[in-house]
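Q: Have a look; sequence and predicted model below, questions after that.
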Amino acid sequence: MTNCTVRLSDDIHDKLHSSDDIHDKLHSSDDTHDKLHSSVDTHDKLHSSDDTHDKLHSSDDIHDKLHSSDDTHDKLHSSVDTHDKLHSRDDIHDKLHSSDDIHDNLHSSDDIHDKLHSSDDIHDKLHSSDDIHDKLHSSDDIHDKLHSSDDIHDKLHSSDDIHDKLHSSDDIHDKLHSSDDIHDKLHSSDDIHDKLHSSVDTHDKLHSETQ
């Protein structure tokens, strides 16, 4: 009887330990489940960070396109000023060919690909406020040069006015010479008049001597 009781007690003890093992496995399963959920949350956060990163790059692209549009606008104004200053179709033709070269360089997909993937360089350039500050000052210099070209343009028009005045003085000079010619002709007619009077006097003297 005592043996049976001991065995029964051992069985119960084993079952209790088995129940503890099952309990531990369940808790272990809960921990694994929690870790999986934590991993999913981390994964979602990483994807959310990727979305934010993509939006920032999209904003960078829009910013670059706007600056590219500004550069194009400035180049167009520069080419107009160059045209006014030089009036040389050959120079404009050369510049147009130079713009073709720029266009070819822009369409060099390898360079664009390398530049886009150089995130460190892009990051440094975007966060380099000194460079942006210098570029703004450079745009001030370009603005001053444009105003300087306006001054040159005004001086050219002023020289046109001087040129017109010189031509006007040439006209006055020609008119004076024309009046000199008229004066000479009048003096020539006076000489002819005097000669006629002299011949009349000679004629009268001859008649007087004959009588």
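A: Nice, thanks for sending it over. Numbers count the residues shown, from 1 in each chain.
Q: Could you measure from Lys15 over to Ser28?
A: Computed as CB to CB, to the nearest Å, the Lys15 to Ser28 distance reads 20 Å. The way it works is simple: take the backbone N, C-alpha and C, and place the C-beta from them, glycine included.
Q: quick one: low-confidence parts of this protein?
A: Applying pLDDT under 70 to the chain flags the ranges 1-8, 63, 66-67, 69-70, 73, 76-77, 79-100, 102-103, 105-133, 211.
Q: remind me, longest helix of this structure?
A: Ranked by residue count and defined by DSSP state H, the top helix of the chain is helix 2-86.
Q: Show me what that helix is packed up against.
A: Here helix 2-86 touches helix 89-106, helix 129-210, going by 3 or more CB pairs under 8 Å, 6 or more residues apart in numbering; DSSP states H and E.
Q: can we see that at 10 Å?
A: Contact partners of helix 2-86 among helices and strands, from 3 or more CB pairs under 10 Å, 6 or more residues apart in numbering; DSSP states H and E: helix 89-106, helix 109-117, helix 119-126, helix 129-210.
Q: Look up how far Asp10 lies from His23.
A: 20 Å.
Q: can you check Leu156 too?
A: If you go by CB to CB, the gap between Leu156 and Asp10 works out to 117 Å.
Q: swap in Asp20?
A: Remark: distance between Asp20 and Asp10 (CB to CB) = 15 Å.
Q: How about Asp41?
A: For Asp41 relative to Asp10 (CB to CB), the value is 46 Å.
Q: what's in contact with stretch 29-43?
A: By CB atoms under 10 Å, 6 or more residues apart in numbering, no surrounding residue is in contact with stretch 29-43.
Q: For it, C-alpha coordinates in CSV please.
A: C-alpha atoms of stretch 29-43 as CSV (Å, rounded to 0.1, in the frame of the first residue of the first chain):
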residue,chain,number,x,y,z
SER,A,29,5.6,31.0,-27.0
ASP,A,30,4.1,34.2,-25.6
ASP,A,31,7.6,35.8,-25.6
THR,A,32,8.2,34.6,-29.1
HIS,A,33,4.8,36.0,-30.2
ASP,A,34,5.6,39.4,-28.5
LYS,A,35,9.1,39.5,-30.2
LEU,A,36,7.4,38.8,-33.6
HIS,A,37,5.0,41.7,-33.0
SER,A,38,7.8,43.9,-31.8
SER,A,39,9.8,43.0,-35.0
VAL,A,40,6.7,43.8,-37.1
ASP,A,41,6.4,47.2,-35.4
THR,A,42,10.1,47.8,-36.0
HIS,A,43,9.6,46.8,-39.7
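Q: neighbours around Asp141, how many?
A: Under the neighbour criterion other CB atoms under 10 Å, Asp141 is assigned a count of 9.
Q: what do you get for the one 5 residues further on?
A: In terms of burial, Leu146 registers 14 neighbours under the definition other CB under 10 Å.
Q: Alright, I will stop here.
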